[in-house]
Structure formats: C-alpha cells, structure tokens
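Trainee: Dropping the sequence and predicted coords here.
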Amino acid sequence: MIVREVYCRTALSKSDLPDLDYSLNPYRGCEHGCIYCYVPNVLSIPREEWGSFVDIRRNIPTILSKELRRKKKGVIGISTVTDPYQPLEEKYRLTRLCLEQICKYDFPVDIQTKSDLVLRDIDIIKRIEDVEVGLTIPTLRDDERKILEPRAKPIEKRLDAIGRLSKEGIKTYVFVGPLYPTTEIEEVKDMVEVFKDAGANIIIFDTLHLKRGVWENLQRNLPRDMIRVYRYRLFENKSYYENISKEFERWCEYYKIKFEKAF
C-alpha cells in the first residue's frame, strides 16, 4: 500500500447525488479495494491501481473550517469516492477532525462506511443535530464479501455498528448496494429482518453498475461458478434486479421500514 501525505486546496465539493449538497472526502484512494467499485471511473484512475494507494489530505480539517464559515448550509456527504473509516483513519483521524469542525458550524451530515470504526466517533456524531449514518451491507454472505470486498470489515461488524449507533439514538440506514447478483429472491425477507433487528431506520437498494472495466475486473477475480451467475443475471435475466427490488420494497412495507432506491 502506497501512502502519501498531500495538501488540498478545497474540502467541500458540490455533490450531484440525491439529498446531498456537498461531498467531503478526507482521503483520495481506498484501502478496501472493492473489485466492483465505480470510483476509478469517476476519478480517472487506472483500475489496476485502485486499492494500492491512499493519499492523506493532511490539511483538510483546516480548509474545511474556513469553508464552513462562508458556505451556505447544506447536507455534507462523508464520503462519496472513498471510505471515511478505512483502516488508515485509525492513525490519521482526518474524518474525526472534520466532524469536529462540522459540529462547530452545525451542518447536516450523512456518513456512509463499511467499517465499525465509525463507533469511535459516536461522541461527536451525537452532538450534530441533523445526522444519519449508513453502513454498506450488500450481502449477508461473508465468504462472498471476502472475494468482492477483500479488505473491508466483516458483515457481522457492520451489523453490530448499526445496532450500537441505533441504541445511541442516531438515525441509521443500510445501503444494500450493490446487491450481489448471487442473492436469491427467497433471501430478501431474511435480509430485511436482519437489518430491522439490527436497528436500521431505512434500507437503500442499489444494483451493480457495470461502469467501464468493472465486468472485466469481476471476471479476473470471481470463481467460475459465481461468474456464471453474474453473467446470467447481469446480461440475460433483465428482470432480476427489478424483481429483487420489488421484494425488498414489499418486506420493508411489511416490517414498516422506509425503503429507497439509490440514484
């Protein structure tokens, strides 16, 4: 892993994502190295380099503080092109330092991560008046997670994080995205039950988006039996995700959990 300390000129970027006004990314690059990640396309990074480097934006808390004084209040998404709680955050604490600045100026915040390291910052998160925290959980099968998200935290730790945050009175959501195409429609009820029991307030559903290079990367990394399922459900069975989405919506309505489709 190549780790570089860099300095940035801006902290907040205008966001085009629904319900977010700004995006805040304390790091450039991500240790998790998820093989389906869309970010290499967004940042024009060669896919083979993704997961091999992280740029530490050392001065971002200072720049953020200056920007918060003059920016119009709006929802800040942390993060949109990296994970704010990837392992290096434990050492550099940039996300925590940024949250401290946001807390001073009381901007609304949406935090999304695949790590239970977010629990370290419950003390600050609870002081932000308008905040929600999402854990990305695209499958309940941790053996498959190890293949597609090789350096991200286990699913069980993410579920535990949802539970801890919820018990602290923090609004939480599960981002089921991208739902792994190996998921059977019969499994949806159990997934919704697990997320509900963990304490999630919202379930957000997303499909696997085949940006340039993603399918080729999946073919290089997935076992043959998984590739066969992925190929069928991504290219041949066009109704797969539509049917799965309807099933999620049906069981969310049954369990009285808010359901949303991403993007």
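Mentor: Structure received. Residues are numbered from 1 along each chain as shown.
Trainee: From now on I want contacts and neighbour counts done on CA atoms only, so please keep to that.
Mentor: Noted.
Trainee: For the lowest-mean-pLDDT helix or strand in the chain, buried residues please.
Mentor: Least confident helix or strand of the chain, by mean pLDDT, DSSP states H and E, is helix 39-43 with a mean of 87. For helix 39-43, a neighbour-count test (16 or more other Cα atoms under 10 Å) marks Val39, Pro40 as buried.
Trainee: Then stretch 61-81?
Mentor: Buried residues in stretch 61-81, counting neighbours by 16+ other Cα under 10 Å, are found at Pro61, Ile63, Leu64, Ser65, Leu68, Val75, Ile76, Gly77, Ile78, Ser79, Thr80, Val81.
Trainee: would you turn these into TSV with pLDDT?
Mentor: Listed next are the buried residues of stretch 61-81 as TSV, based on pLDDT from 0 to 100:
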residue	pLDDT
Pro61	98
Ile63	98
Leu64	98
Ser65	97
Leu68	98
Val75	98
Ile76	98
Gly77	98
Ile78	97
Ser79	87
Thr80	90
Val81	93
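Trainee: pLDDT of the helix ranked longest in the chain, averaged?
Mentor: For the chain, the helix with the greatest residue count under DSSP state H is helix 240-254. In this model, helix 240-254 has a mean pLDDT of 98.
Trainee: confidence score at Pro49?
Mentor: Careful, residue 49 is Glu; it's not Pro. For Glu49, pLDDT reads 86.
Trainee: What of the one 5 residues further on?
Mentor: The predicted local distance difference test score for Val54 is 97.
Trainee: if we can go back for a sec, from the contact counts, what lies against whichever helix or strand comes after the least confident helix or strand of the chain?
Mentor: Sequence-wise, the next helix or strand downstream of helix 39-43 (DSSP states H and E) is strand 53-57. In this structure, strand 53-57 makes packing contacts with strand 2-6, strand 27-28, judged by 3 or more Cα pairs under 8 Å, 6 or more residues apart in numbering; DSSP states H and E.
Trainee: Kindly export strand 53-57 (C-alpha atoms) in PDB.
Mentor: What follows is strand 53-57 as a C-alpha-only set of coordinates in PDB (Å, rounded to 0.1, in the frame of the first residue of the first chain):
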ATOM      1  CA  PHE A  53      -2.600   3.700  -2.700                       C
ATOM      2  CA  VAL A  54      -4.200   6.300  -0.400                       C
ATOM      3  CA  ASP A  55      -3.500  10.000  -0.400                       C
ATOM      4  CA  ILE A  56      -3.800  11.500   3.100                       C
ATOM      5  CA  ARG A  57      -5.200  15.100   2.700                       C
END
